[in-house]
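K.L.:
Pasting the sequence and the predicted coordinates here, then a few questions.
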Amino acid sequence: MTRRPYERPIIVRHESGLGNKLSRVPALRPQEEIDGVSVEELVKTYGSPLFVFSEQTLVQRQRALADAFAVRWPKVRTAWSYKTNYLDGICRVLHREGAWAEVVSEMELDKALHNGVRPDHIHFNGPFKPESALEKAFRGGTLVHLDNFDELRRAEQVATRLGKRPGVAIRLSVAAEGIPPWTRFGFHLESGQARDAVRRLLAGDKLDLVGLHCHLGTFLLDPAAYREAAGKLAAFAEELRTEHGIRLQFIDIGGGFASHNALKAQYLPAEQATPSFEQYADAVCDGLRALQGPPKELPTLVLETGRAIVDDAGYLITTVHATRRLPDGRRGVVLDAGVNVLFTAWWYRHDVVPTRHLAGIPEPTVLYGPLCMNIDVVRDALPLPPVEAGDRLVLRNVGAYNVTQWMQFITLRPAVVMVGRNGQHGLLRKPETLEALTSWEEVPEWI
Amino acid sequence: MNLGTRLGDLAISDSGFVFDPYTGASFTVNATGLHLLRALKDGVIDRAGLLAGLDEAFDVDGADAGRDVDDFLGQLRRYELLPRDFELGASEVTP
Ligand SMILES: Cc1ncc(COP(=O)(O)O)c(C=O)c1O
C-alpha cells in the first residue's frame, strides 16, 4: 500500500466565531514570486528577512492616483510624502513619474534635494522648522506651509533677513465628521484662528499667501470626510478672494487615503473596505466645486498621498524559525522578522501568505517576531495550516512607514531590494552590519 | 491507562468531522489526526504503537512525528477529549 503524504495532525474545535471564521477562510494562495522573480532566489541573494519593493506596483499606484484626479480637476500635482518611505530608490521612481516632494523636516528637505528635486518643487510641512530650515527653504523657493503663529513670525524674520518675499501656505486644521481631529497641527478653521492667521500674515506684509493646506489624518476609509474638508477649504479660499483679493495658487488636501491593508479593528477585508482613487477623487473634487472662476484660474490641487501609493508595493519575506503550542491551544510561530522592522504590525492585520502550498486545515496561529519581548507580535489569530521551520511567509502591503519607522533593536535591520519592471532586482538599502552600528559609538577614554 | 469515556464515545466521520455527544462540541481533524484518533479509540495508547501506525499509513520520512503526536495529544487534553493526566505508555522510539 502506498503511504499518503504526511501532515502534522491537527484538531480544531468549531467555536462560536472562530469555527465560522475558519470555515470561511479561503485557501491561502501561495506567492512563489514577486513580479516574476522567485522569492527563494531573492532570499538566496539577499538573505531573510527581506523587504522587497515592486517597481511595477509603485508606478501603477502613482499613475492611478494622478489619472483619477487629472480627469476631475484642471491642474493636479502630487507631492511624494517623504516620511512614508524616503529610500532614495523609491523617491526617485516617483519623481521620475512626475511627483514633487512633500517634506516635514530639514533632513527630509535635504534628502529631496539630494534626490535632485528642484527646491521650488518641494512642499514643506510640519510643526518644527528651525530658522536654518526656513532659510534654506526660502533661498530655494521651497513652499513652506506655516503651522503656528510663532512660525509665522519666525518666517517673517528670516524672509526680511534674506531680503525675500516668499510665497507661503497656511496649514488649516479642519473638522470632518467621523475623523478624530488633528488639532495639534495648523490653524483651526472653525474657531476663527485661520482667519486671524490670514489677517496677521497680511498685516505683517512680508509673505505672500499662495496656498492652503490641510491633512485630515491617515488611513481614512470614508471619502465623505474629504468632500467635507475640501468644501471647507474651498469656502475659505472664496472668502480670501472676495475679502482680500487673494487668488491662491494651490489647495493641498494632504494625504490619508487608505491602502489595501486592514486595520486591526476593521471588520471588512481591504478589497471591500478600501475606496478606489476614483472615489476619493470624486469626493475631493465635489468639495472643491464651491471655488469660482474660469478653470485656468482655479488653484492647483496638490495631493500628498503616501501610504496608498507605496504600501501595496512593499513585501516582507520572513522565514519560520520555530513553532510552538500555546497553553490556550493556538499555534505559535517564531519568525525572523518582528515589530522592530514591521512597525505597522501594531495597527494592521497584515496579509500573510506562504510561498508553497500548505497542506492541512488552518489552525488559529500567532506570528511572533525574534525579539525577546512580549510585545513582539506580528499577527494574532491568523488561521494558518501548519508550517515548519524553514518555511517562508510573505507579508504583503508593508511598503508604507516601515522602512522609515523601523528600529535598530536587538537585531540588525535587513536588506531592502527592488524588483524592476524587467525582472531585474537590486538593493535599495544594504543589510546593516555590526561594524556600521558600532562606527557611531564612542567609548570615553576613562572606561 | 483509562482513556475516559469521552474519546471512546466520539462520533468520527471519514471526512474528519468529529462530534462530542457529551458537550455538543464539534471538531475538524485532518487525515493524520483522524488516524491518531481512531488508533487511540482502538486502544493504541503507547507512543511506539501510534508512531508505527502513522509510519505505516503516511510518508513521515523527514518529519518530526514524535513532536507532532505529543502536540496532538496536548490538543486532545486541552479540549478535554482525553483526561488531563493522560500520558502515553512507555516508548522505545523517542526522541
Ligand atoms: C502633512 C502630511 N502629508 C501627507 C502625509 C501622508 O499621509 P498618508 O501616508 O496617510 O497618505 C502625512 C502623514 O501623516 C502628513 O502628515
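P.N.:
Yes, it's here.

K.L.:
sec struct for the spatially closest residue to A:Glu297 that is not a sequence neighbour, please.
P.N.:
The shortest distance from A:Glu297 to any non-neighbouring residue, by CB to CB, 6 or more residues apart in numbering or on different chains, is to A:Arg247 (6.6 Å). Placement of C-beta: from N, CA and C, glycine included. Local secondary structure at A:Arg247 is given as coil here, using DSSP: H, G, I helix; E, B strand; the rest coil.

K.L.:
right, and A:Arg247 touches A:Arg241 too?
P.N.:
Yes: using CB atoms under 8 Å, A:Arg247 makes contact with A:Arg241 at a distance of 6.2 Å.

K.L.:
mind checking how far the residue nearest to A:Glu297 is from A:Leu303?
P.N.:
21 Å (CB to CB, to the nearest Å).

K.L.:
now A:Val366
P.N.:
38 Å.

K.L.:
Neighbour count for these two, which is higher?
P.N.:
A:Leu303 (29 against 19; other CB atoms under 10 Å in any protein chain shown).

K.L.:
Is that one bridged to anything, and to what?
P.N.:
A:Thr78 (DSSP bridges).

K.L.:
what is the mean pLDDT for stretch B:10-30?
P.N.:
The average pLDDT for stretch B:10-30 rounds to 90.

K.L.:
Compute the first-to-last residue distance for that stretch.
P.N.:
16 Å (CA to CA, to the nearest Å).

K.L.:
And the contacts of it?
P.N.:
With contact meaning CB atoms under 8 Å, 6 or more residues apart in numbering or on different chains, stretch B:10-30 is reached by A:7, A:9-14, A:19, A:22, A:360-361, B:6, B:9, B:31, B:33-34, B:37-38, B:41, B:79, B:81.

K.L.:
Buried ones among those?
P.N.:
By neighbour count, with 16 or more other CB atoms under 10 Å in any protein chain shown, these hold A:7, A:9-14, A:19, A:22, A:360-361, B:6, B:31, B:33-34, B:37, B:79, B:81 as buried.

K.L.:
Pull up the residues of chain B that are close to chain A.
P.N.:
Neighbours of chain A within chain B, by CB under 8 Å from any CB of the partner chain: B:16, B:18, B:25-33, B:35-37, B:54-60, B:63, B:65, B:68-69, B:71-72, B:74-76, B:78-79, B:81.

K.L.:
Inside strands: which ones of these?
P.N.:
If you go by DSSP state E, the residues of chain B next to chain A have B:Val18, B:Ser26, B:Phe27, B:Thr28, B:Val29, B:Phe58, B:Asp59 in strands.

K.L.:
which two from the residues you listed end up farthest apart in space?
P.N.:
The most widely separated members of these, counting by CB to CB, are B:Ser26 and B:Asp59 (29.1 Å).

K.L.:
Any regions of chain A where pLDDT drops low?
P.N.:
Residue ranges of chain A with pLDDT under 70: A:1, A:16-27.

K.L.:
how about the residues of the stretch 201-350 of chain A near the ligand?
P.N.:
Contact residues, the stretch 201-350 of chain A versus the ligand (CB under 6 Å from any ligand atom): A:His215, A:Thr218, A:Gly254, A:Gly255, A:Gly256, A:Phe257, A:Glu304, A:Thr305, A:Gly306, A:Arg307, A:Ala308.

K.L.:
check contacts around the first one.
P.N.:
Under the criterion of CB under 8 Å, 6+ apart, the neighbours of A:His215 are A:Asn125, A:Arg171, A:Trp182, A:Phe185, A:Ile253, A:Gly254, A:Gly255, A:Gly256, A:Glu304.

K.L.:
ok, and the most crowded of these?
P.N.:
A:Gly254 leads the contacts of A:His215 on contacts (other CB under 10 Å) with 30 neighbours.

K.L.:
so that one sits in a strand?
P.N.:
No: with three-state DSSP as the criterion, A:Gly254 is located in coil rather than a strand.

K.L.:
Nearest residue to it in space, ignoring adjacent ones along the chain?
P.N.:
A:His215 (2.9 Å).

K.L.:
That neighbour sits in which helix or strand?
P.N.:
A:His215 is part of no helix or strand when elements are defined by DSSP states H and E.

K.L.:
Relative to A:Tyr348, how far out is it?
P.N.:
20 Å.

K.L.:
swap in A:Arg331?
P.N.:
21 Å.

K.L.:
just A:Lys164 next, same as before
P.N.:
A:Lys164 is 44 Å from A:Tyr348, by CB to CB.

K.L.:
Of those two, give the one with the bigger neighbour count.
P.N.:
Comparing A:Lys164 with A:Tyr348 by other CB under 10 Å, the one with more neighbours is A:Tyr348, at 23 against 14.

K.L.:
Would you map out the domains in chain A?
P.N.:
A:33-52+A:314-438, A:55-311 (automatic domain parsing).

K.L.:
Of the ones you listed, which is nearest B:Leu88?
P.N.:
Using CB to CB, the nearest of the domains of chain A to B:Leu88 is domain A:33-52+A:314-438, at 16.3 Å.

K.L.:
Not counting sequence-adjacent ones, nearest residue to the residue of chain B found nearest the ligand?
P.N.:
In chain B, the residue that lies nearest the ligand is B:Thr28 (40.5 Å; CB to the nearest ligand atom). Once flanking residues are discounted, B:Thr28 sits nearest to A:Val12: 5.2 Å by CB to CB, 6+ apart.

K.L.:
Could you list which residues are in contact with A:Ala101?
P.N.:
A:Ala79, A:Trp80, A:Tyr82, A:Cys91, A:His95, A:Glu108, A:Ala112, A:Asn115, A:Val117, A:His121, A:Ile122, A:His123 are the contacts of A:Ala101 under CB under 8 Å, 6+ apart.

K.L.:
Helix or strand: which one has it?
P.N.:
strand A:100-103.

K.L.:
With A:Phe53 instead?
P.N.:
Short version, using DSSP H and E: A:Phe53 is in strand A:50-54.

K.L.:
just checking, next helix/strand downstream of that strand?
P.N.:
helix A:55-70.

K.L.:
Check which helices and strands that next one sits against.
P.N.:
The contact analysis (3 or more CB pairs under 8 Å, 6 or more residues apart in numbering or on different chains; DSSP states H and E) places helix A:55-70 against strand A:76-81, helix A:88-96, helix A:277-288, strand A:300-303, helix A:307-310, strand A:415-419.

K.L.:
Please render these as TSV that adds distance to A:Val144 to the earlier fields.
P.N.:
Formatted as TSV, these follow (distance: least, CB to CB, whole Å):
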stretch	distance to A:Val144
strand A:76-81	13
helix A:88-96	20
helix A:277-288	23
strand A:300-303	14
helix A:307-310	24
strand A:415-419	31
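
K.L.:
most packed of those?
P.N.:
Mean neighbour count (mean count of other CB atoms under 10 Å in any protein chain shown) peaks for helix A:307-310 among the helices and strands packed on helix A:55-70, with a mean of 29.

K.L.:
For chain B, list the residue farthest from the centre, please.
P.N.:
Going by CA atoms, centre = their mean, the residue of chain B most distant from its centre is B:Gly62, 20.4 Å out.

K.L.:
Check chain A for its longest strand and report it.
P.N.:
strand A:314-325.

K.L.:
how about it against chain B, any contact?
P.N.:
Yes: using CB under 8 Å from any CB, strand A:314-325 comes into contact with chain B via A:Arg325.

K.L.:
Packing partners of that strand?
P.N.:
Partner elements for strand A:314-325 (3+ CB pairs under 8 Å, 6+ apart): helix A:39-46, strand A:50-54, strand A:331-335, strand A:392-396, helix A:402-405, helix B:65-78.

K.L.:
Quick one: distance of the last one to the chain centre.
P.N.:
Same thing as helix B:65-78. Distance of helix B:65-78 from the chain centroid (CA atoms, centre = their mean, to the nearest Å) equals 7 Å.

K.L.:
What lies in contact with it?
P.N.:
A:6, A:8-11, A:325, A:329, B:7, B:32-33, B:36-37, B:40, B:47, B:50-51, B:54-55, B:82-84, B:86, B:88, B:93-95.
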